[in-house]
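Enquirer: sequence first, then the predicted structure:
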Amino acid sequence: MPDATKYHPVGGGSLTTDLMSFLSHFKTRRSVPFAYGFVLAFVAFTVFLAFSPSPNASSPGFTDIFASSSIPASYKSHFNSLFSYFFPNVSSLNHPQSFPLHINSTSRSINATSSSPNSSSKQSSPKTQSSLTSSQNQSPATNKTIIPSSNSKTSSNRTSVLPVKPPPIVKKKPSSAVNHTRSPVKSNESKAVKTNQSTNAVASPKVLASPPLKSIPVSPKKNLSSVEGVKGVASNNYTASLAKKQRNSTLTGLNKELIESLMKCDLFDGKWVRDDSYPLYKPGSCSLIDEQFNCIQNGRPDKDYQKYKWKPKGCSLPRLDGHRLLNILRGKRLVFVGDSLNRNMWESLICILRNSVQNKSKVYEANGRVQFRGEASYSFVFEDYNFTVELFVSPFLVQEWETADKNGTGKQTLRLDLVGKSSDEYKDADIMIFNTGHWWTHDKTSKGKDYYQEGSHVYEELNVDEAFRRAVTTWSRWVDANVNPSKSMVFFRGYSASHFSGGQWNSGGQCDSETVPIENEKYLTEYPTKMSVLENVIKYMKTRVTYLNVTRMTDFRKDGHPSIYRKQNLSPEERRSPLSFQDCSHWCLPGVPDTWNEIIYAQLLIRQYQIQKQNKKP
């Protein structure tokens, strides 16, 4: 004590000297350890309160001391890890800033759960769901993107911020919904990361945080921790993206010059060339072909008629790719309207497309029919493509009628002023293919006596070509008035040549000896006047109609008809004189109608190309 007072100033002094003198009284052997111990205890208690605040703390400001967005998220992760190490029995789920992650090294799936006092139970908008998918590819603790990889070294580097000793997992009862939330972020970091990325996409070095999300209930069937979710593509977004990609890639793999050459080319001026890669589908592979067209099944011995393709002079007609065509037709209605020659073409298209479908049980006639003669309409469904290809029987495109004659008895007439009865059923179709022609060569129509009718007037006699002109004019007016040209494509397939020799279809005409096409053009028949009439009508229509002028190209193919191979079970009369009953109008399948569908395919490719080119314009 004398030493302590020896140097104490008697009269006043500075504040510093006074404080130093006061502290000198505690410099004893017992007081120094006590002071250090007190300081360490105070610091430890303060740290404990800072890292494990009570939910009911009286000082919210102190509770959130480390929840401020001004402190980097990576530091918060290290603090959480340290706390978990020393206090393993405290559930991190009670901490408002805690995001327990469970990473499976095999599947790399990530399940993120948290509770937030501001979370909402409402279903988020699709845009919010998209942001959620993006948030699952980010570590909530570090705000860094975690890229699933088979390289374990890379993966460990990405997840190094996880606790060394994770807290024990508390098993909970299965729930039908999982709440996924994100921590609030600054407004200048509110841009969302794009989620519609391919499964092989690499994240950009600069990743922006998503805006705050509300709680989103997720169905167990659409768990976002699935493989698609880990890769950054939600299941529904992935499917939509794939469908869009398929629609946009219908021209992928085709030469741009090829499409442009088709646009400048007369597809109907050319010749038939042998091509052993044909037919487009194997004979006997399509059970949907009517007996009338199934020549191989009916015993036709020669098969070379199937080995020809049409070669226009100014371009090359692309081989019909069934998969590509199905994608072009996805979600659409394609209808054929006309006579049995359109049924011939309709069956050809069904066989081509069905041959390209993996699950053929999902291709079926809507009413379960297996015979395609006698009904007014048929519809084949391609279920996987939400697409139908339909047939409406209308041989004249105008209505067959019945009226009373002078004696009061009924007689059949043809109403030249009324379009076919089924027209309302297909006017909204996406693609329409019309035809008429062969029935105008029958006795009643060709003679034109007391048969053609307009209104209540029946003509005693009317030239067949004039009657044909009035009928197709009625059809053209209906198209202009009812078809939306911005939605629908309209085709008219011209007259298909017949090759009866020695008579007509009902008078012993024959073609059974024909096995090769005509090569010399001078043997072709004269161009039908009815087709010239049709071309003139189409020219003055408001609606754009693509005319499929197949008359000349079919005239070469005298070898392609069923002839005597049109049926298996012959009647007694047919067995006595089989050569008198031949079909030299329709075509064997596989065969010539397949080429008509290849031309439709080329026209659709041209249309797709024009649309894509138009969309690229600024």
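Expert: Good, I have the coordinates.
Enquirer: and the top helix by length along the chain, average pLDDT?
Expert: Longest helix in the chain by number of residues, with DSSP state H as the criterion: helix 592-616. For helix 592-616, mean pLDDT is 94.
Enquirer: so which elements touch that helix?
Expert: Judged by 3 or more CB pairs under 8 Å, 6 or more residues apart in numbering; DSSP states H and E, helix 592-616 is in contact with helix 256-264, strand 308-312, helix 322-328, helix 340-354, strand 489-493, strand 545-548. All C-beta atoms are positioned from the backbone trio N, CA, C, and that covers glycine.
Enquirer: mean pLDDT lowest where, among those?
Expert: If you rank the helices and strands packed on helix 592-616 by mean pLDDT, helix 256-264 sits at the bottom with a mean of 92.
Enquirer: give the next helix or strand downstream of it.
Expert: strand 270-274 (DSSP states H and E).
Enquirer: buried set for that following strand?
Expert: Gly270, Trp272 (16 or more other CB atoms under 10 Å).
Enquirer: and Asp424, how far from Met432?
Expert: 13 Å (CB to CB, to the nearest Å).
Enquirer: quick one: end-to-end distance for stretch 450-470.
Expert: Distance across stretch 450-470, first residue to last, is 16 Å (CA to CA, to the nearest Å).
Enquirer: swap that for stretch 513-524, please
Expert: In stretch 513-524, first residue to last residue: 18 Å (CA to CA).
Enquirer: now swap in stretch 354-362 and tell me
Expert: End-to-end distance of stretch 354-362: 9 Å, with CA to CA as the criterion.
Enquirer: which residues sit against it?
Expert: 280-282, 285-286, 288, 321-323, 325-326, 363, 382-384 (CB atoms under 8 Å, 6 or more residues apart in numbering).
Enquirer: circling back: next, the angle strand 270-274 makes with the longest helix of the chain.
Expert: Relative orientation of helix 592-616 and strand 270-274, computed by axes from the mean of the first three to the mean of the last three CA atoms, to 10 degrees: 120 degrees.
Enquirer: how about helix 592-616: buried residues?
Expert: Of all the residues in helix 592-616, those buried under the rule 16+ other CB under 10 Å are 592-606, 608-609.
Enquirer: pLDDT below threshold where in the stretch 151-300 of the chain?
Expert: Applying pLDDT under 70 to the stretch 151-300 of the chain flags the ranges 151-253.
Enquirer: can we see that at 50?
Expert: 151-236, 238-240, 242-243, 247-248 (pLDDT under 50).
Enquirer: looking at the helices and strands packed on helix 592-616, which is closest to Asp302?
Expert: Closest of the helices and strands packed on helix 592-616 to Asp302 is strand 308-312, at 12.7 Å (criterion: CB to CB).
Enquirer: counting by contacts, list what the closest one packs against.
Expert: Contact here means 3+ CB pairs under 8 Å, 6+ apart; on that basis strand 308-312 packs against strand 270-274, helix 592-616.
Enquirer: okay if I get these as TSV plus distance to Val533?
Expert: Shown next, in TSV, are the helices and strands packed on strand 308-312 (distance: least, CB to CB, whole Å):
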stretch	distance to Val533
strand 270-274	25
helix 592-616	21
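Enquirer: for those, which one sits closest to Asp465?
Expert: Closest to Asp465 of these, according to CB to CB: helix 592-616, at 24.6 Å.
Enquirer: and Ile328, how close does it get to Trp440?
Expert: 33 Å.
Enquirer: ok, Lys421 next?
Expert: From Lys421 over to Trp440 the distance is 19 Å, taken as CB to CB.
Enquirer: picking up where we left off before, would you mind saying which of the helices and strands packed on strand 308-312 lies nearest Asp339?
Expert: Going by CB to CB, the one of those nearest Asp339 is helix 592-616, 13.1 Å.
Enquirer: now do the closest one and strand 489-493, the angle between them.
Expert: Here helix 592-616 runs at an angle of 150 degrees relative to strand 489-493 (the same axes, to 10 degrees).
Enquirer: so helix 592-616 versus helix 340-354, what angle?
Expert: Here helix 592-616 runs at an angle of 70 degrees relative to helix 340-354 (the same axes, to 10 degrees).
Enquirer: next, the contact list for Phe500, please.
Expert: Contacts of Phe500 by CB under 8 Å, 6+ apart are Gly509, Gln510, Cys511, Gln582, Cys584, Ser585.
Enquirer: rerun at 6 Å
Expert: Contact analysis of Phe500 by CB atoms under 6 Å, 6 or more residues apart in numbering lists Gly509, Cys584.
Enquirer: need phi/psi at it.
Expert: phi -80, psi 130 (degrees, to the nearest 10).
Enquirer: residues touching the longest helix of the chain, excluding its own?
Expert: Residues outside helix 592-616 that contact it (CB under 6 Å, 6+ apart) are 250-251, 259, 262-263, 267, 280, 310, 317, 320, 325, 328, 344-345, 348-349, 546, 550, 557, 560, 587.
Enquirer: return a ChimeraX selection command for the buried portion of those.
Expert: Listed next is the ChimeraX selection for buried residues among the contacts of helix 592-616, using 16+ other CB under 10 Å:
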select :250,251,259,262,267,280,310,317,320,325,328,344,345,348,349,546,550,557,560,587
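Enquirer: quick check: longest strand of the protein.
Expert: Using DSSP state E, we find that the single longest strand of the chain is strand 410-419.
Enquirer: number of residues surrounding the residue nearest to Ile289 when sequence neighbours are not counted?
Expert: Of all residues not flanking Ile289 in the chain, Leu589 sits nearest, at 5.0 Å (CB to CB, 6 or more residues apart in numbering). Neighbour count for Leu589, taken as other CB atoms under 10 Å: 29.
Enquirer: just say helix, strand or coil for Leu589.
Expert: coil (DSSP: H, G, I helix; E, B strand; the rest coil).
Enquirer: where are the low-confidence patches of the stretch 1-150 of the chain?
Expert: Ranges of the stretch 1-150 of the chain meeting pLDDT under 50: 1-12, 26, 55-150.
Enquirer: helix, strand or coil for Thr388?
Expert: strand.
Enquirer: for it, name its beta-bridge partners.
Expert: Arg333, Val381 (DSSP bridges).
Enquirer: so which residues of the stretch 351-500 of the chain form helices?
Expert: In the stretch 351-500 of the chain, the segments counted as helices under DSSP state H, counting those that start in this stretch are 423-426, 443-447, 464-482.
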